[in-house]
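Visitor: fold the following and give me the result.
(chains A and B)
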There are 2 protein chains.
Amino acid sequence: MTSATVLETVSTQKCFGGMQGVYRHEAKETGCTMRFAVFLPPQAAAGTVPALYYLAGLTCTEENFTVKAGAQRVAAELGIALIAPDTSPRGLGYPGEDDAYDFGTGAGFYVDATETPWRDGYRMYSYITKELPALINASFPVDPARVGIFGHSMGGHGALTIALKNPGAYRSVSAFAPIVSPMRCPWGEKALTGYLGVDRANWRAYDATALIEDRGWDGPAILVDQGTADPFLERELKPELLREACAAKGVKLDLRMQEGYDHSYFFIATFVEDHLRHHARHL
Amino acid sequence: MTSATVLETVSTQKCFGGMQGVYRHEAKETGCTMRFAVFLPPQAAAGTVPALYYLAGLTCTEENFTVKAGAQRVAAELGIALIAPDTSPRGLGYPGEDDAYDFGTGAGFYVDATETPWRDGYRMYSYITKELPALINASFPVDPARVGIFGHSMGGHGALTIALKNPGAYRSVSAFAPIVSPMRCPWGEKALTGYLGVDRANWRAYDATALIEDRGWDGPAILVDQGTADPFLERELKPELLREACAAKGVKLDLRMQEGYDHSYFFIATFVEDHLRHHARHL
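Guide: Okay, here's the model as predicted:
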């Protein structure tokens, strides 16, 4: 099997009757070793299962969701595989790649960069939508036709934009506290300028609200949870912009403002069961 | 309120409708600042709730259980407060305190040391059984008469020995992969020699199997989960020694060997719901 030559197992640990694994491989898109986590539910021993991709936020790796969200319990019940990639290339040695928490390492923003030097390795969009799924589909008992995607913060932006740009590929999408319009917040403006250059016309391809305006979405309702005590709510996240875009295009959005919750994995853990059940209804 | 002058809030974060807090205080027993975590379930807003203490294993702090075990979900349903202390004093400056993962910092073993210099600050037994509960009871809406205790590995040893030595104080006890007889394993022999000296007669007061032999236990059945793929099973943990001691004294023990599980928090997360429900039946 081809995958056996490129996929290296870092660890496997039994969890809720299934298996939590961490793997690494030499990725062509990013030009470096990439790690990712896969949880296989017990049902994967008897056949293929749907795959749900989770994209993490700034500073995260494949580990945060895997150890903090408590999603394996529900995935084991529902028979869903959980795929958690890293958030950027690592160790490419580009000048400034480790200077800030919100650009470069740990902050790939799920785009294919066009600016030098980032365009060589900062190709997280192609990595997440093409290279990684090809490897996953060849290496694990998942059904390539039953795929959903969700994420948190920068990864919520990633999940929304990737689903909207590939409507046939992802049956369902949801997000926790997503950046809904990187064109209109400091985190996004910094990242898109750095990765895509100063021409804002090129940014629309990676802005969930612009994609809603340009393409709509006829999949099932988009589920979004947002804590009202999230310190990034007003400056960076702005869920009202997603609500307005969806309303204007007749896109179904289930935006839930969760009273008193912040931006942490305690918030994600509280509502992750709802998200998995949302995806399971469509996978 | 006295507690207001000694207890400092590090963080509070909403979680499953309750509140996950981290606190610190200047502890008399250990002579240093100690941190601990408290999860208050939603029911604590309306009155006192039972308290379940969790003692962590080697190298851990108050954080590991709090972010990895997924226990808040069940505690919120059952109306139980979760108290997670640190595992040792920190920063006392004793020679060698940071030289090894299994002695000194992060490895207090829940004893009151008698050897110099450890006897001054390595008083985790008194801290966990007296100073911390007094602070918790004065500061949070918990019922001092409804208290249970559980833990993992070194903390499983701590939970078992503390419950056995204080049968009126703890209504229920359970453990994940506990060190059941520190007198008879390398981790325990090193720690007890260092903290208590070479006279093994003094070690029996901190050995769960010896305490079963000397005192028995007429509380509800002791629940113990142990993974069969735990790399420390044969050399350090030896659950059969607890089974033998309980059988000889007629102590009820529910020892569950869990096929394929290791020593990690993936194992703990898988079975933590069973443990909380076990405690809830007696609290």
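Visitor: give me the low-pLDDT residue ranges for chain A?
Guide: For chain A, applying pLDDT under 70 flags the ranges A:1-5.
Visitor: just want the phi and psi numbers for residue A:250.
Guide: Backbone torsions for residue A:250, taken as degrees, to the nearest 10, come to phi 70, psi 30.
Visitor: contacts only, for it.
Guide: residue A:216 (Cβ atoms under 8 Å, 6 or more residues apart in numbering or on different chains). From N, CA and C alone the C-beta is placed, and that goes for glycine too.
Visitor: tell me how far it lies from residue A:117.
Guide: Counting by Cβ to Cβ, to the nearest Å, the gap from residue A:250 to residue A:117 is 42 Å.
Visitor: in the stretch 51-200 of chain A, which residue sits closest to chain B?
Guide: residue A:70 (3.7 Å; Cβ to the nearest Cβ).
Visitor: wait, that residue sits on residue A:270?
Guide: No. Counting by Cβ atoms under 8 Å, residue A:70 stays clear of residue A:270, with 9.2 Å between them.
Visitor: now do the shared contacts for those two.
Guide: Common neighbours of residue A:70 and residue A:270, using Cβ under 8 Å, 6+ apart, are residue B:73.
Visitor: what does the stretch 1-150 of chain A put close to chain B?
Guide: With Cβ under 8 Å from any Cβ of the partner chain as the criterion, the stretch 1-150 of chain A meets chain B at residues A:13, A:14, A:15, A:16, A:17, A:20, A:67, A:68, A:70, A:72, A:73.
Visitor: determine which two of those residues are furthest apart.
Guide: A:17 and A:68 (20.0 Å; Cβ to Cβ).
Visitor: so the two - more neighbours on which side?
Guide: In this view residue A:17 and residue A:68 are compared by other Cβ atoms under 10 Å in any protein chain shown, and residue A:68 has more residues nearby, 20 against 17.
Visitor: what is the neighbour count of the closest residue to that one other than its chain neighbours?
Guide: Closest residue to residue A:68 apart from its sequence neighbours, by Cβ to Cβ, 6 or more residues apart in numbering or on different chains: residue A:265 at 3.9 Å. Residue neighbour count, defined by other Cβ under 10 Å, stands at 24 for residue A:265.
Visitor: for residue A:265, give me its contacts.
Guide: Residue A:265 neighbours (Cβ under 8 Å, 6+ apart): A:64, A:65, A:68, A:69, B:67.
Visitor: now do the SS call for the last one.
Guide: Okay, so that is residue B:67. Under DSSP: H, G, I helix; E, B strand; the rest coil, residue B:67 falls in the helix class.
Visitor: what about it, neighbour count?
Guide: Look at residue B:67: counted by other Cβ under 10 Å, it has 20 neighbours.
Visitor: surely residue A:173 meets residue A:219?
Guide: Yes. Between residue A:173 and residue A:219 there is a contact at 6.9 Å, judged by Cβ under 8 Å.
Visitor: and the helices in the stretch 1-150 of chain A?
Guide: With helices called from DSSP state H, counting those that start in this stretch, the stretch 1-150 of chain A shows them at A:2-6, A:63-68, A:72-78, A:118-121, A:124-126, A:132-139.
Visitor: nothing else from me, thank you.
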